[in-house]
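# Sequence and predicted structure below; questions after.
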Amino acid sequence: MSNGGTDVFVDVLMLAVSDLADSAWEHRFATLLTLQDQSVMGRGAVGFDLEDVDWGRSPCERGAAKDFVLRVLDLALRRHRWDELGYEPPFAESCLWQYREMVAAFDPADSERRSGGSPFPGPEEAAMASCVRHRVLCAPVHWEGCVFCTGRR
């Protein structure tokens with residue numbers, strides 16, 4: 001994805017994940033998405049590698065995690081809250097479909113989680129605070145703003 005495509009991808013996913021996240025793992029996943037904000041982390045310095053995700057240890061945990069990610073993608077594909085974006089994301093749907101296919105085909109049990117330095121946020125880093133203005137979750141290290149407050153547009 002281009003840098004601009006990544007920005008849009010994060011925007012539409014944040015609208016969905018913020019309205020669905022309930023459990024600790026789901027808030028950790030939301031934090032991972034907030035950390036894909038290129039205006040904070042740097043242009044071209046973010047990514048969505050499925051092997052970076054801590055999918056859980058048991059088949060039940062991995063299944064629940066994968067189901068949540070698919071539900072987030074499905075909600076985003078229904079253009080959930082896209083009217084709040086202030087722009088029309090012309091390529092977002094195709095990127096979401098591609099990523100959804102990747103997630104659906106991915107087997108977390110086959111993934112060897114990288115030891116040390118995994119970008120997946122720990123429980124203490126879970127995004128629990130919401131931006132009052134935009135109603136999306138914020139990364140704990142960046143409480144002063146959400147992906148929409150960073151002024152990249």
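It's in. Keep in mind that what you see is a predicted model, and the values were worked out from it rather than measured.

# Report the buried residues of the helix or strand hosting residue 31.
Secondary structure assigned from DSSP states H and E places residue 31 in helix 24-34. Judged by neighbour count (16 or more other C-beta atoms under 10 Å), helix 24-34 contains these buried residues: 25, 26, 27, 28, 29, 30, 31, 32, 33, 34. C-beta: built from backbone N, CA, C; applies to glycine.

# Next up, the contacts around the second one.
When you say that, I think you mean residue 26. With contact set as C-beta atoms under 8 Å, 6 or more residues apart in numbering, residue 26 has these partners: 17, 20, 68.

# same deal with the first one?
Residue 25 makes contact with 56, 61, 64, 65, 68 under the criterion C-beta under 8 Å, 6+ apart.

# Spatially central residue in the chain, please.
Nearest to the centroid of the C-alpha atoms of the chain, with distances taken as C-alpha atoms, centre = their mean, sits residue 33, at 3.0 Å.

# how near is it to residue 138?
If you measure residue 33 against residue 138 using C-beta to C-beta, to the nearest Å, the figure is 11 Å.

# The helix or strand of the chain with the lowest mean pLDDT: what's the following helix or strand?
With mean pLDDT, DSSP states H and E as the measure, the helix or strand of the chain carrying the lowest mean pLDDT is helix 38-41 (a mean of 55). Following the chain from helix 38-41 toward its C-terminal end, the next helix or strand by DSSP H and E is helix 59-77.

# Which neighbouring elements make contact with that following helix?
Using 3 or more C-beta pairs under 8 Å, 6 or more residues apart in numbering; DSSP states H and E, the elements in contact with helix 59-77 are helix 3-20, helix 24-34, helix 92-105.

# Nearest to residue 147, out of those?
Each of the helices and strands packed on helix 59-77 was scored for nearness to residue 147 using C-beta to C-beta, and the closest is helix 3-20 (5.3 Å).

# Give me the buried positions along the closest one.
Along helix 3-20, these residues count as buried under the neighbour rule (16+ other C-beta under 10 Å): 6-18, 20.

# Would you mind giving both backbone torsions of residue 130?
phi -120, psi 140 (degrees, to the nearest 10).

# That one reaches residue 145, doesn't it?
No: with contact defined as C-beta atoms under 8 Å, residue 130 and residue 145 do not form a contacting pair (11.8 Å).
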